[in-house]
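K.L.:
Model the structure of this input:
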Amino acid sequence: MLRVVKPRNARSKRALEAREPKEIEDPRTAIFVKGTSTGDKLNAAMKELMALKRPEAISFSKKNTVRPFEDTASLEFWAHKNDASMFVIGQSTKKRPDGLTFVRMYNGKVLDMCEVGVDNFVSMEHFKTKKSTPGHRPLMHFASELFDTHPRLIQLKSLLLDFFGSERLEGVHLSGVEHVISVQLAPTSPELSSTVVDTAVDETKHLPTVHLRTYTVSAMASGTKIPRIELVPMGPSLDLSLRRHQQADPEMLKAALRRPKLKKQDVEKGLGKRKKNVEVDEMGDLRGRLHVGKQNLDKLQTRKMKGLKSARDQDSESDEDLEEQGTKRRKAV
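P.N.:
Next comes the predicted model:
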């Protein structure tokens with residue numbers, strides 16, 4: 001049970017409020033944890049995945065005894081301590097060599113997990129091309145319909161989308177797109193190639209190898225306003241095989257997918273049902289237009305104040321005196 005910390009000053013109170021659930025969550029921070037045994041290939045793969053994830057990445061330098069499918073207490077403690085919602089755990093054993101486990105958290109608890117094996121790895125150093133700027137979000141490309149039909153691949157797609165691009169963007173500038181991450185599948189068996197997936201065929205040996213490739217976006221001259229786009233291999237390149245997994249609890253998943261009620265600003269931006277005569281100005285303020293009938297302003301009841309009434313009477317008397325003096329002078333002339 002984690003200890004509940006009470007804020008002692010305004011600064012700590014703001015820090016705790018920043019960690020509370022939000023309608024639009026911040027980008028997911030991932031913690032990279034090494035198990036008791038990791039090889040050179042696994043260490044290099046974790047290092048370059050962390051380079052693609054930066055700046056929302058934290059690396060634990062020391063090795064830890066962690067078994068995510070058996071005990072999640074350490075993960076929950078680290079997530080609360082570092083305000084992180086994802087883990088990438090590297091562990092290599094004789095039975096499962098070069099294993100990477102992607103763990104997703106919700107409300108300080110483990111939501112789901114997926115373990116993959118790194119069958120092949122090619123480093124960025126092998127590709128002598130321009131690298132992407134740290135912090136830029138990639139374009140994600142999933143080149144198979146099984147990512148939308150097979151339960152295991154649906155989970156993997158969801159985890160990769162949260163890992164590489166969890167931040168919501170309202171628009172993308174063409175010059176800001178620097179790299180693309182393409183996820184493809186090896187040739188699949190006939191049981192998996194059909195659009196209707198049999199849930200009984202869910203063994204690891206039947207699942208295809210997942211190829212993860214990273215490309216740099218190069219804009220070339222095309223003679224028109226729209227440039228010609230070429231993809232140049234950037235690295236890293238990984239061949240992954242699906243292993244163990246843990247699906248999300250239905251009740252926890254329902255709570256995680258719950259959406260807040262839409263505000264009027266969101267309605268105007270097209271996130272919900274549009275309402276008439278409501279708009280948002282350039283400053284972000286909500287403005288509405290009301291249609292009322294014709295009013296007779298002569299019958300408008302105004303507030304009469306005694307102090308202002310006496311002052312008006314004195315002003316009118318002084319104006320009359322000035323007019324009388326002016327007429328007398330004109331007659332004398």
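K.L.:
alpha carbons only for contacts and neighbour counts from here, please
P.N.:
OK.
K.L.:
Parallel or antiparallel, list what pairs with whichever strand or helix holds G90.
P.N.:
G90 is part of strand 86-91, with elements assigned from DSSP states H and E. The strands that strand 86-91 pairs with in its sheet are strand 30-34 (parallel), strand 99-106 (antiparallel) (by DSSP bridges).
K.L.:
May I see those strands arranged in a markdown table, with mean pLDDT, distance to A79 and mean neighbour count as well?
P.N.:
As requested, those are arranged in a markdown table below (pLDDT from 0 to 100; distance: least, CA to CA, whole Å; neighbours: other CA atoms under 10 Å):
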| stretch | mean pLDDT | distance to A79 | mean neighbour count |
| --- | --- | --- | --- |
| strand 30-34 | 94 | 8 | 24 |
| strand 99-106 | 93 | 8 | 22 |
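K.L.:
Could I get these in TSV, plus columns for distance to V217?
P.N.:
What follows is the strands paired with strand 86-91, written out as TSV (distance: least, CA to CA, whole Å):
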stretch	distance to V217
strand 30-34	25
strand 99-106	27
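K.L.:
Show me what the strand holding G90 is in contact with.
P.N.:
When contacts are defined by CA atoms under 8 Å, 6 or more residues apart in numbering, strand 86-91 is touched by residues 28-38, 42-43, 46, 75, 79, 97-105, 163.
K.L.:
For burial, what's the neighbour tally of the nearest residue to K131 once chain neighbours are set aside?
P.N.:
Nearest non-adjacent residue to K131, counting by CA to CA, 6 or more residues apart in numbering: M234, 6.4 Å away. The burial metric for M234, expressed as a neighbour count using other CA atoms under 10 Å, is 24.
K.L.:
Look up the pLDDT of M234 for me, please.
P.N.:
pLDDT, M234: 91.
K.L.:
same deal with the one 4 residues further on?
P.N.:
Turning to L238, the model gives it a pLDDT of 93.
K.L.:
what about it, is that helix, strand or coil?
P.N.:
Under the three-state scheme (DSSP: H, G, I helix; E, B strand; the rest coil), L238 adopts strand.
K.L.:
dump the residue contacts of it.
P.N.:
Contact partners of L238, counting by CA under 8 Å, 6+ apart, are V118, D119, N120, F121, V122, H211, L212, R213.
K.L.:
What distance do you get for it to P227?
P.N.:
Relative to P227, L238 is positioned 30 Å away (criterion: CA to CA, to the nearest Å).
K.L.:
likewise E70?
P.N.:
Distance, E70 to P227, by CA to CA: 52 Å.
K.L.:
ok, now N277?
P.N.:
Distance of N277 to P227, computed by CA to CA: 40 Å.
K.L.:
So which of the two has more stuff around it?
P.N.:
Higher neighbour count among N277 and P227: P227, with 13 against 10, using other CA under 10 Å.
K.L.:
tell me the contacts of the more buried one?
P.N.:
Contacts were defined as CA under 8 Å, 6+ apart; by that measure P227 touches A219, M220, A221.
K.L.:
circling back: among the contacts of L238, which lie within strands?
P.N.:
With DSSP state E as the criterion, strands contain V118, D119, N120, F121, V122, H211, L212, R213 from among the contacts of L238.
K.L.:
lowest average confidence, helix or strand, in the protein?
P.N.:
helix 264-268 (a mean of 56; mean pLDDT, DSSP states H and E).
K.L.:
Heading C-terminal from that helix, find the next helix or strand.
P.N.:
Following the chain from helix 264-268 toward its C-terminal end, the next helix or strand by DSSP H and E is strand 278-280.
K.L.:
re earlier: so which of the contacts of P227 is the most crowded?
P.N.:
Neighbour tally across the contacts of P227 (other CA under 10 Å): the maximum, 15 neighbours, falls on A219.
K.L.:
I'd assumed E230 was in contact with that one.
P.N.:
Yes - under the criterion of CA atoms under 8 Å, A219 lies in contact with E230, with a separation of 6.5 Å.
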